[in-house]
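Peer 1: The following block contains a protein sequence and its predicted model.
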Amino acid sequence: MSTTLTAPIATPSATERHGSAVQQSLTLAWRNVVTIRHQPEALMDVSLQPIVFTVLFVFVFGGAISGDWRDYLTYLVPGIMAQTLLFATAGIGTALNSDISKGVFDRFRSLPIARSAPLVGAVLADVVRYVTAVGVLLAFVTALGFRTTEGLPAAALAVLVAIAFAMCLSWVFVWIGLVVRSPGAVQGIGFLAMFPLVFGSNALVDADTLPGWLQAFTRNNPVTHLIEVVRGLLLGGPVAEPLAWTAGWAALLLVVFVPLAMRAYRRRV
């Protein structure tokens with residue numbers, strides 16, 4: 001009587017699957033970075049926008065608001081940094097919508113990769129746009145005479161916090177890019193959503209100068225909390241409380257919109 005021994009089928013552990021998903025996300029992120037490298041015009045918006053907004057607000061409105069454009073530049077820089085990054089987040093939704101329309105994600109679906117990898121990779125690759133935007137802004141305002149009073153480590157932390165919040169916010173636009181039908185619609189919805197948040201914050205003027213009803217909105221605006229963190233780290237002031245609020249808002253964005261984006265992705269592709 002003979003017996004046949006059958007070797008057990010090896011299945012990947014949870015750690016291996018997690019590591020594989022991370023590696024796949026990084027690989028797809030690099031794919032997007034390479035695309036940017038071959039199409040540098042993709043960075044034109046984040047390269048020009050901070051310069052245009054700084055010139056517009058500092059030299060057109062600075063004298064009227066603050067009396068001296070140099071004083072207003074100091075107040076404005078944290079707000080322009082946050083504004084530039086938050087507007088830049090809309091680009092990921094437009095790019096994803098365009099890729100889906102072109103069938104790029106159909107090819108991803110045929111590959112043995114984690115379902116989350118294309119979306120996570122796109123979010124990670126967008127850091128290149130954020131770093132470019134902040135780099136251009138800081139170089140330009142430094143040339144105009146802006147100086148941080150808290151040192152380079154605090155300034156670097158301000159940049160990291162702003163970019164981290166932008167990455168969390170970008171999941172909103174990932175979801176929008178997956179549920180609307182055209183890239184133009186993504187851009188329109190994105191700007192419509194961001195304008196009240198950005199211009200209804202303390203980015204351009206102090207909240208105390210606003211009407212009472214608007215002050216309530218401004219003081220509870222997540223963009224205001226982010227700007228207060230950046231302003232405190234660049235120019236001095238309270239940081240702990242607005243940082244806690246910013247972390248809370250960032251966590252809420254991830255908890256709500258990452259699952260929504262994944263569900264929309266499964267339905268769309």
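Peer 2: That came in fine, so what should we check first? Numbers count the residues shown, from 1 in each chain.
Peer 1: Return the set of buried residues in stretch 241-251.
Peer 2: By neighbour count with 16 or more other CB atoms under 10 Å, stretch 241-251 contains the buried residues 242, 243, 245, 246, 247, 249, 250. Where you see a C-beta, it was placed from the backbone N, CA and C, and this is true even at glycine.
Peer 1: between those, which is nearest residue 95?
Peer 2: Using CB to CB, residue 250 comes nearest to residue 95 of the buried residues of stretch 241-251, at 21.8 Å.
Peer 1: distance between the helix or strand that contains the closest one and the chain's centre?
Peer 2: With the criterion set as DSSP states H and E, the secondary-structure element containing residue 250 is helix 240-268. Between the centre of helix 240-268 and the centre of its chain there are 12 Å (CA atoms, centre = their mean, to the nearest Å).
Peer 1: what about the nearest residue to residue 50 once chain neighbours are set aside, neighbour count?
Peer 2: In space, residue 50 comes closest to residue 137 once its chain neighbours are excluded; the distance is 3.8 Å by CB to CB, 6 or more residues apart in numbering. A count of nearby residues for residue 137, using other CB atoms under 10 Å, gives 25.
Peer 1: what ranges of the chain fall below the confidence cut-off?
Peer 2: 1-19, 106, 269 (pLDDT under 70).
Peer 1: returning to that earlier point: can you dump the C-alpha coordinates of whichever helix or strand the residue nearest to residue 50 is part of into CSV?
Peer 2: Under the assignment given by DSSP H and E, the secondary-structure element containing residue 137 is helix 127-144. As requested, C-alpha coordinates have been extracted for helix 127-144 and formatted as CSV (Å, rounded to 0.1, in the frame of the first residue of the first chain):
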residue,chain,number,x,y,z
VAL,A,127,4.7,64.9,-3.3
VAL,A,128,7.0,66.0,-6.2
ARG,A,129,4.5,68.7,-7.1
TYR,A,130,4.1,69.8,-3.5
VAL,A,131,7.9,70.1,-3.0
THR,A,132,8.3,72.0,-6.2
ALA,A,133,5.5,74.5,-5.2
VAL,A,134,7.0,75.1,-1.8
GLY,A,135,10.5,75.3,-3.1
VAL,A,136,9.6,77.9,-5.7
LEU,A,137,7.6,79.9,-3.2
LEU,A,138,10.3,80.0,-0.6
ALA,A,139,13.0,80.9,-3.1
PHE,A,140,10.9,83.8,-4.5
VAL,A,141,9.8,85.3,-1.1
THR,A,142,13.4,85.0,0.2
ALA,A,143,14.5,87.0,-2.8
LEU,A,144,11.8,89.6,-1.9
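Peer 1: ok, now which ones touch the closest residue to residue 257 other than its chain neighbours?
Peer 2: Spatial nearest neighbour of residue 257, chain neighbours left out: residue 171 (4.1 Å); criterion: CB to CB, 6+ apart. Contacts of residue 171 were listed using CB atoms under 8 Å, 6 or more residues apart in numbering, and they are 123, 253, 254, 257, 258, 261.
Peer 1: and if you look at residue 88?
Peer 2: If you count contacts by CB under 8 Å, 6+ apart, residue 88 has them with 45, 46, 49, 126, 129, 130, 133, 166.
Peer 1: hey, where'd the helices end up in the stretch 101-250 of the chain?
Peer 2: Secondary structure of the stretch 101-250 of the chain (DSSP state H, counting those that start in this stretch): helices at 104-109, 117-125, 127-144, 152-179, 183-199, 212-219, 222-235, 240-268.
Peer 1: and the buried residues of stretch 241-251 as TSV, adding distance to residue 191?
Peer 2: Conversion of these to TSV gives the following (distance: CB to CB, whole Å):
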residue	distance to residue 191
242	25
243	27
245	24
246	22
247	26
249	20
250	21
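Peer 1: so what does the helix holding residue 137 touch, helix or strand wise?
Peer 2: In terms of contacts (3 or more CB pairs under 8 Å, 6 or more residues apart in numbering; DSSP states H and E), helix 127-144 is packed against helix 14-38, helix 44-55, helix 69-88, helix 152-179.
Peer 1: hmm, try it at 6 Å
Peer 2: Where contact means 3 or more CB pairs under 6 Å, 6 or more residues apart in numbering; DSSP states H and E, helix 127-144 is packed against helix 44-55, helix 69-88, helix 152-179.
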